[in-house]
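need a structure here:
(chains A and B)
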Amino acid sequence: MLYREAGDFKTSYGADNQTFPIRFDRWAYWVLLGVAFLVIPFVINDYWASSLLVPFLIYAIAALGLNILTGYCGQVSLGTGGFMAVGAYSSYKLMTAFPWLDMISITLLSGLITAAVGALFGLPSLRIKGFYLAVATLAAQFFLTWLFNKVPWFYNYSASGQITAPERSVFGITVTGPNTEAWAQYLFCLVFVVALAWVARNLTRGTVGRKWMAIRDMDIAAEIIGVNPLRAKLSAFAVSSFFIGIAGALFFTLYLGAVEVNEAFGINKSFLILFMVIIGGLGSIFGSFAGAALLVLLPVALKAVGVDLLGWPTDVVAHLNLVIVGALIIFFLVVEPHGLAQLWRLTKEKLRLWPFPH
Amino acid sequence: MNAQSQSFVTEDGRTIGPTVLDLRNITLRFGGVEAIKDISFDIREGEIRAIIGPNGAGKSSMLNVISGFYVPQEGEVWFRGKPRPAMKPYEVAQQGIARTFQNIALFEGMSVLDNVMTGRLAHMKTNILTQALWWGAAAREEEENRAAVERVIDFLEIQAIRKTPVGRLPYGLKKRVELARALAAEPSLLLLDEPMAGMNVEEKEDMSRFILDVNDEFGTTIALIEHDMGVVMDLSDRVVVMDYGRKIGDGTPDEVRGNQDVIDAYLGVAHD
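Sure, this is the predicted structure:
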């Protein structure tokens, strides 16, 4: 009964175009932000941070990035893992070369470097699309991981070939290295997630987003009504890679702390993030969050139920996870190609009319 | 001053201005096939110019040449008194030439409003950084252009479906949304490729009224391809007739109707 737009009159185009047109949604949004910023940091512990919240936040950024490219601009990419590696190795090189630089700048700069690399690998998209583009981005994935594995300069000639994040702080609070507290880690990621989600929303509701969607829906018509396909596609690759680069940087500096490129940023990572986007919903910001949440939560929940509660062997539960993810992908591709976001949208439409649907 | 560049007032009180677009000896080939053979005609400011002809005559190819989608092997396109260099379709659009398509080319995944807003691209200049942060200029530009789009939406009477995804609309409304998208650009030259194809009589009447209103209220120059002869003869000021890539007639509807070549092309000739 609370979920109504009746009586909530919009008197300007700005108000008509806002992110949450329904009052209840606006409240829910602010309550959620309030809890995320003012409650969770005080109750969080290491387990919750490292197994759920921090990976969720980081994957949400990566999923947002891929969703901009694939969901909004229609360019399929399997190079996400490789671009995350670019972000991670950029942040490592920046941290070791400029020890005085603060983590916020390092993370943003890593994003910018990845954006440049992404735009470069986006060039083939001007000629090829669909499956062929997917294969071209796959080449980016393998080339980038190979590069970081084979050129010792990237891992500062360390004997193990790994990169390890040194301790760095923001405003006097340690955010990387082994001495980081869970709440600092969480809050640092949260700030990036909120800021980037806001940027993604701004880009997709304005001219830039409409150009991307026009290219996605019908590229020839888009060009004839005045979209420059070169600039639209490359800007999508650049913005998407910026997000993915930041996710990669945070994944390395805050979450893992030490990284071996093939293990952390292999082809599996590309697929994982693509699955998040497909399950969550192509072309939806909410969907990026929903997909990331589901795929981060699923193995943890299965482990809690399967291993801890029912006493099944760990490997069975791990395989069960893969089976369920596979089944979900097939289910969503067949039944609801727009993913969880579309289910959520339909629920909201029903809710608006409830309890009198006629 | 030659006769071509003088303005005059038509019987129904509209002003027809000087030549906007002048096509000079256009020849377009696809491999060995000549789709357009040495065609010249002009479009004057404020007029409704029809291009007619049997199927495969090269009408749509002609429109594609004007909108920059095809580059002719020979001949020149003069726009506003200057020869137009070879340019990409999006550059032509930015010059103020908008068009609709024979087979509807809307963006199915977007709402009607967003589709019509894409028509405003040439008027929206803020850069990606301003947009990302939704600073003053970006939000202001969005609202100003939304106001312009709302005027077009009012004009074409599609207020009720503003927020509907285009994929859910019936055929006739899609055609109207496509016209709205082209109009939102406030074009100086509007190209319509079979705006009434597949419509019933009432929808055709509505569409004819919109085309006349656009021409009358905004003074927009219109070039249209249409198969319905009744519509063409009623709407247009001048008609070009094409057959097998050649121009076989050019003039007012009455002149064209009396042209023996045109009658032969449409009705066939006796072979004896």
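
so for the longest helix along chain B, what gets flagged as buried?
Longest among the helix segments of chain B by residue count, using DSSP state H, is helix B:136-155. Residues of helix B:136-155 classed as buried: B:A138, B:A139, B:E141, B:E142, B:N145, B:R146, B:A148, B:V149, B:E150, B:V152, B:I153, B:F155 (neighbour count, 16 or more other CB atoms under 10 Å in any protein chain shown). (Each C-beta comes from the backbone N, C-alpha and C, glycine too.)

contacting residues around the third one?
Going back to what we said before, that points to B:E141. Contact analysis of B:E141 by CB atoms under 8 Å, 6 or more residues apart in numbering or on different chains lists A:T207, B:M124, B:K125, B:T126.

need the pLDDT of the second one.
Here the pLDDT value assigned to B:M124 is 85.

how about it: what's its closest non-neighbour residue?
A:T207 (4.6 Å; CB to CB, 6 or more residues apart in numbering or on different chains).

neighbours around the one you found, how many?
Neighbours of A:T207 under the rule other CB atoms under 10 Å in any protein chain shown: 24.

on that earlier part again, quick check: angle from the helix or strand following the longest helix of chain B to helix B:136-155?
Going down the chain from helix B:136-155, the next helix or strand is helix B:171-184, by DSSP states H and E. Computed by axes from the mean of the first three to the mean of the last three CA atoms, to 10 degrees, the angle separating helix B:171-184 from helix B:136-155 equals 130 degrees.

do any residues in helix B:171-184 lie close to chain A?
Yes. Helix B:171-184 reaches chain A (CB under 8 Å from any CB of the partner chain) through B:R181, B:A182.

and the strands in the chain, which stretches?
No chain specified, so I'll use chain A. For chain A, the strands defined by DSSP state E cover A:163-164, A:169-170, A:173-174, A:258-259.

hm, I was asking about chain B
B:8-9, B:15-16, B:19-30, B:33-44, B:48-52, B:74-79, B:82-83, B:97-99, B:189-193, B:221-225, B:238-243, B:246-251.

mind putting these into JSON lines with mean neighbour count, mean pLDDT and distance to chain A?
Listed next are the strands of chain B as JSON lines, based on neighbours: other CB atoms under 10 Å in any protein chain shown; pLDDT from 0 to 100; distance: least, CB to the nearest CB, whole Å:
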{"stretch": "strand B:8-9", "mean neighbour count": "10", "mean pLDDT": "79", "distance to chain A": "32"}
{"stretch": "strand B:15-16", "mean neighbour count": "14", "mean pLDDT": "82", "distance to chain A": "27"}
{"stretch": "strand B:19-30", "mean neighbour count": "18", "mean pLDDT": "92", "distance to chain A": "16"}
{"stretch": "strand B:33-44", "mean neighbour count": "18", "mean pLDDT": "91", "distance to chain A": "18"}
{"stretch": "strand B:48-52", "mean neighbour count": "25", "mean pLDDT": "93", "distance to chain A": "18"}
{"stretch": "strand B:74-79", "mean neighbour count": "17", "mean pLDDT": "91", "distance to chain A": "16"}
{"stretch": "strand B:82-83", "mean neighbour count": "10", "mean pLDDT": "88", "distance to chain A": "20"}
{"stretch": "strand B:97-99", "mean neighbour count": "27", "mean pLDDT": "92", "distance to chain A": "6"}
{"stretch": "strand B:189-193", "mean neighbour count": "25", "mean pLDDT": "93", "distance to chain A": "10"}
{"stretch": "strand B:221-225", "mean neighbour count": "24", "mean pLDDT": "94", "distance to chain A": "15"}
{"stretch": "strand B:238-243", "mean neighbour count": "23", "mean pLDDT": "92", "distance to chain A": "21"}
{"stretch": "strand B:246-251", "mean neighbour count": "19", "mean pLDDT": "90", "distance to chain A": "24"}
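
before we move on, back to that, of all the strands of chain A, which one comes closest to chain B?
Among the strands of chain A, the nearest to chain B by CB to the nearest CB is strand A:169-170 (21.4 Å).

name the helices or strands packed onto the closest one?
Judged by 3 or more CB pairs under 8 Å, 6 or more residues apart in numbering or on different chains; DSSP states H and E, strand A:169-170 is in contact with helix A:103-122.

quick one: buried ones out of the contacts of B:E141?
By neighbour count, with 16+ other CB under 10 Å, the contacts of B:E141 hold A:T207, B:M124, B:T126 as buried.

out of these, who's nearest A:I330?
Nearest to A:I330 among the buried ones among the contacts of B:E141: A:T207, at 36.5 Å, using CB to CB.

list the contacts of the closest one.
Going by CB under 8 Å, 6+ apart, the list of residues near A:T207 reads B:L121, B:M124, B:T126, B:Q131, B:E141, B:E142.

OK, contacts around the fourth one?
If I follow you right, that is B:Q131. So B:Q131 contacts A:N202, A:L203, A:G206, A:T207, A:V208, B:A138 (CB under 8 Å, 6+ apart).

with distance to B:E178, mean pLDDT and mean neighbour count added, can I get the strands of chain A in JSON lines?
Below are the strands of chain A laid out as JSON lines (distance: least, CB to CB, whole Å; pLDDT from 0 to 100; neighbours: other CB atoms under 10 Å in any protein chain shown):
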{"stretch": "strand A:163-164", "distance to B:E178": "53", "mean pLDDT": "89", "mean neighbour count": "22"}
{"stretch": "strand A:169-170", "distance to B:E178": "51", "mean pLDDT": "82", "mean neighbour count": "16"}
{"stretch": "strand A:173-174", "distance to B:E178": "56", "mean pLDDT": "82", "mean neighbour count": "14"}
{"stretch": "strand A:258-259", "distance to B:E178": "51", "mean pLDDT": "89", "mean neighbour count": "18"}
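
distance to B:A184 added to those, as JSON lines?
Output for these, formatted as JSON lines (distance: least, CB to CB, whole Å):
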{"stretch": "strand A:163-164", "distance to B:A184": "51"}
{"stretch": "strand A:169-170", "distance to B:A184": "46"}
{"stretch": "strand A:173-174", "distance to B:A184": "50"}
{"stretch": "strand A:258-259", "distance to B:A184": "49"}
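
among these, which comes closest to A:G65?
When those are ranked by proximity to A:G65 (CB to CB), strand A:258-259 comes first, at 18.6 Å.

list the strands paired with the closest one, with their directions.
Sheet pairing of strand A:258-259 (DSSP bridges) gives strand A:163-164 (antiparallel).

show me how far the partner strand is from its chain's centre.
23 Å (CA atoms, centre = their mean, to the nearest Å).

same question, stretch A:66-82
11 Å.

that stretch near chain B at all?
No. Using CB under 8 Å from any CB, stretch A:66-82 never reaches chain B; the gap is at least 9.0 Å.

quick one: terminal-to-terminal distance for that stretch?
Counting by CA to CA, to the nearest Å, you get 12 Å between the two ends of stretch A:66-82.

and what of stretch B:129-138?
OK, stretch B:129-138 end separation, CA to CA: 9 Å.

same question for it, mean pLDDT?
For stretch B:129-138, mean pLDDT is 85.

could you do stretch B:199-218 as well?
91.

same deal with stretch B:144-155?
For stretch B:144-155, the mean pLDDT works out to 91.

which residues does it contact?
Contacts with stretch B:144-155, where a contact means CB under 8 Å, 6+ apart, come from A:13, A:17, B:112-113, B:116-117, B:119-120, B:123-124, B:159, B:162, B:180, B:183-184, B:186, B:210, B:213, B:217.

buried subset of those as a PyMOL selection?
Typed into PyMOL, the line below selects the buried ones among these, using 16+ other CB under 10 Å:
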select buried, (chain A and resi 13+17) or (chain B and resi 112+113+116+117+119+120+123+124+180+183+184+186+210)
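
mind checking which of the contacts of stretch B:144-155 land in helices?
Counting by DSSP H, the contacts of stretch B:144-155 place A:Y13, B:V112, B:L113, B:V116, B:M117, B:A180, B:L183, B:A184, B:F210, B:D213, B:E217 in helices.
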